[in-house]
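Participant: What shape does this take:
(chains A and B)
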Amino acid sequence: MSILDINTLRVVRNGITILDGIDLSVDESDILGILGPNGAGKTTLFRAILALEKYYGYVSIFNYTNEDRVKILPFVGYIPQRFSIDSNFPITVKEYVSTGLTALKYMRKNSALIREYGLSNSYRNSSKSDESAVIEALNTVGLIDLKDRRLGVLSGGELQRAMLAKVLVSRPPLLILDEPFTALDAESQSMLYELLKMLNEDMHITILIAAHDLMLLMRLAKSIACINKRLYFHGSKDECLSNDLLLKFYSESAMHMHMKEHNMASE
Amino acid sequence: MFDILTYGFIQRAFLTGVIIGVACSMLGLFLVLRRYSLLGDALAHTALTGIAMGIFLNLYPLLTALVTSTLASLGIAKLRSSIKIQGDVLIAILLIAGVASAIVLLSISKSMNVSILSYLFGSILLISNEDILVVLIAGLVVIASIIVYRDKLLHITIDEDQARISGINVGMMNYFFMVLASIIIIIAIRLVGILLVSSLIVLPNIAAMMLGAGFKRTLLVSPCIAVASVIMGILISYNLDIAVSGMIVMMNLIIITSIVMYTKVRSKGKSKGNYNGMIVKQV
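Facilitator: Sure, this is the predicted structure:
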């Protein structure tokens, strides 16, 4: 059953077409990796899905289409590419993660909206207290020891995990991550990788993730979509790997970068 | 020295001063965090236009002031979301436009006189009983609204997009917040005057934020600092016969300075300990 359906999506900003003719559907429990070079429109695609950007065409989440889907958006967790907070902003990690309760409360109140999807996540219907939902999310991402720190003093990797914890307070059935690996060192990358795998396997969270790092995405994703203004490919990971055309498509710059790394390694 | 508390006008000054101080500092925390520190200034200056209008049309000046600054604040909220003008540019334009149109109106109505001075510098000791009612109702409404909506306001302050996805009506909340801001600024003019309004909004929060606590504690500490400076300011100004508004702001500044010195001394002590210990680690 598909959770997200996109039909003939087109986004035009200041007279420039950023996305055109995108058709995409995401099945329950899938991990769809969105591949594309910088400036391919991955972020714009996500913002259009989340009603943060004007678009033409159809976007359906849990079968609620366009304006109608606004009421279902709290069921979607979104981790943007960029998020910064002033180091003087008076908020602790725990207080920040607690802002995820807004979505949890909304989901509890409106759980009937997605009843037909059989996603009757016992978690949301349980009488679990708000406090324990927050603590559990902090534990999941391994930030419980830093819960009383100010958010602004966290490292890049820790901030990323705090964002994830905030979203996980409500355990959204669909999670969208925009280039989450880009700013992380190798250790944080593999930590996040394991975490996302666990969310998908144990909590059955459907994941939509953008990246321009081919290798990392190939390991994580179950299916792949390649976007560069248009949709060039959408299918399983195996199909993707055996598709010559696709490799040609996948922007020369990224391939060059990849080859360079190999050259440097062999030198 | 406490016999001054038996005077009616001092009691009224304390009561209204405390309410205004608490409301301004609580609302101000969100303004400061959204980098709108000077919004208070801009709205107060547009209120000057309203006051001039009130004098010109012979209406209750604070009422016309409320109208002009509410319009100005809603205008800011609207413009900020529709056109991409930086917040500080908008505020600069409003500030100047407010004063200029006030000067024009006042000179037309030939009322550039002493009565306008009480609006510029505040006149808490001259507050009347009906003023008190207005201040009490407006102040309590603002305080109650912030307590009720603090989570939503915090969410919007951190990240508007995330707040929107979580099901918060960000547009409505922004307008609502702006209306609260204009209400509180109008009543704060009574206490410290147009020229010093933003001090009530900004200073207690800067002081509270420097203490390094989380959000909930900052939201509690900042009104305490505001109340302390209002009370000390009124007491000292009465005893030494100094203008109240200036004294309240001076008290605020003294509190900030002491916090700065305290944190300096504390961090020095800490780093010394580290030198004597093993590893110096800066977090």
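
Participant: helix/strand/coil for the residue lying closest to residue A:70 once chain neighbours are set aside?
Facilitator: Excluding the flanking residues, the one nearest residue A:70 by CB to CB, 6 or more residues apart in numbering or on different chains is residue A:51, at 5.7 Å. C-beta: built from backbone N, CA, C; applies to glycine. Secondary structure, DSSP: H, G, I helix; E, B strand; the rest coil: residue A:51 is coil.

Participant: Point out the other helices and strands that the strand or helix carrying residue B:202 packs with.
Facilitator: Using DSSP states H and E, residue B:202 maps to helix B:197-210. Judged by 3 or more CB pairs under 8 Å, 6 or more residues apart in numbering or on different chains; DSSP states H and E, the packing partners of helix B:197-210 are helix B:8-33, helix B:39-57, helix B:170-192, helix B:215-240, helix B:244-276.

Participant: do you know which of the ones you listed lies nearest chain A?
Facilitator: helix B:215-240 (3.9 Å; CB to the nearest CB).

Participant: which residues touch the most centrally placed residue in chain B?
Facilitator: Nearest to the centroid of the C-alpha atoms of chain B, with distances taken as CA atoms, centre = their mean, sits residue B:201, at 2.7 Å. Residues in contact with residue B:201 (CB atoms under 8 Å, 6 or more residues apart in numbering or on different chains) are B:24, B:25, B:27, B:28, B:31, B:32, B:37, B:40, B:185, B:188.

Participant: same thing but 7 Å
Facilitator: Applying CB atoms under 7 Å, 6 or more residues apart in numbering or on different chains to residue B:201 gives the contacts B:24, B:28, B:31, B:40.

Participant: Turn these into JSON lines, including distance to chain A, pLDDT and neighbour count.
Facilitator: Formatted as JSON lines, these follow (distance: CB to the nearest CB, whole Å; pLDDT from 0 to 100; neighbours: other CB atoms under 10 Å in any protein chain shown):
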{"residue": "B:24", "distance to chain A": "17", "pLDDT": "95", "neighbour count": "34"}
{"residue": "B:28", "distance to chain A": "13", "pLDDT": "95", "neighbour count": "30"}
{"residue": "B:31", "distance to chain A": "14", "pLDDT": "93", "neighbour count": "22"}
{"residue": "B:40", "distance to chain A": "19", "pLDDT": "87", "neighbour count": "28"}
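
Participant: Run through the residues that contact the closest residue to residue B:73 other than its chain neighbours.
Facilitator: Distance criterion CB to CB, 6+ apart; nearest residue to residue B:73, sequence neighbours excluded, is residue B:178 at 3.8 Å. Contacts of residue B:178 were listed using CB under 7 Å, 6+ apart, and they are B:73, B:74, B:76, B:77.

Participant: If we use 6 Å, what do you get?
Facilitator: Shown in contact with residue B:178 (CB atoms under 6 Å, 6 or more residues apart in numbering or on different chains): B:73, B:74, B:77.

Participant: Which of these are buried, as a ChimeraX select command?
Facilitator: Selecting only the buried entries of those in ChimeraX, with 16 or more other CB atoms under 10 Å in any protein chain shown as the criterion:
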select /B:73,77
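
Participant: and which of the contacts of residue B:178 is nearest to residue B:195?
Facilitator: residue B:73 (18.9 Å; CB to CB).

Participant: Please determine how far the nearest residue to residue B:256 once chain neighbours are set aside is located from chain A.
Facilitator: Nearest residue to residue B:256 in three dimensions, chain neighbours excluded: residue B:207, at 4.7 Å (CB to CB, 6+ apart). Distance, residue B:207 to chain A, using CB to the nearest CB, to the nearest Å: 12 Å.

Participant: cool, residue B:58 as well?
Facilitator: In this view, residue B:58 and chain A are 46 Å apart by CB to the nearest CB.

Participant: Number of residues surrounding that residue?
Facilitator: Residue B:58: 8 surrounding residues under other CB atoms under 10 Å in any protein chain shown.

Participant: Residue A:39 too?
Facilitator: Residue A:39 has 12 neighbours, counted by other CB under 10 Å.

Participant: Now it: which helix or strand?
Facilitator: Counting by DSSP H and E, residue A:39 is found in no helix or strand.

Participant: quick one, phi/psi of it?
Facilitator: Torsion angles at residue A:39 (phi, psi; degrees, to the nearest 10) stand at phi 80, psi 10.

Participant: pLDDT below threshold where in chain A?
Facilitator: Chain A contains residues with pLDDT under 70 at A:118-127, A:244-267.

Participant: Can you tell me which of the helices and strands packed on helix B:197-210 is nearest to residue A:91?
Facilitator: It is, among the helices and strands packed on helix B:197-210 and with distance given as CB to CB, helix B:215-240, at 4.5 Å.

Participant: average pLDDT for the closest one?
Facilitator: For helix B:215-240, mean pLDDT rounds to 94.

Participant: Can it be said to contact chain A?
Facilitator: Yes - using CB under 6 Å from any CB of the partner chain, we find that helix B:215-240 touches chain A at B:215, B:218.

Participant: Please name every helix or strand in contact with that helix.
Facilitator: helix B:8-33, helix B:197-210, helix B:244-276 (3 or more CB pairs under 6 Å, 6 or more residues apart in numbering or on different chains; DSSP states H and E).

Participant: Report the buried residues of the last one.
Facilitator: So the one you mean is helix B:244-276. B:244, B:245, B:246, B:247, B:248, B:249, B:250, B:251, B:252, B:255, B:256, B:259.

Participant: TSV please, covering those residues and showing pLDDT.
Facilitator: Shown next, in TSV, are the buried residues of helix B:244-276 (pLDDT from 0 to 100):
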residue	pLDDT
B:244	89
B:245	90
B:246	91
B:247	93
B:248	93
B:249	93
B:250	95
B:251	95
B:252	94
B:255	95
B:256	94
B:259	92
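
Participant: Which stretches in chain A count as strands?
Facilitator: A:2-13, A:16-27, A:31-35, A:56-61, A:64-65, A:76-79, A:174-178, A:206-211, A:223-228, A:230-236 (DSSP state E).

Participant: Quick check: residue A:129 vs residue A:92, distance?
Facilitator: Distance from residue A:129 to residue A:92, counting by CB to CB, to the nearest Å: 19 Å.

Participant: before we move on, what about residue B:155?
Facilitator: Taking CB to CB, one finds residue B:155 at 15 Å from residue A:92.

Participant: of these two, who's got more company?
Facilitator: Ranked by neighbour count (other CB under 10 Å), residue B:155 and residue A:92 place residue B:155 first, with 25 against 19.
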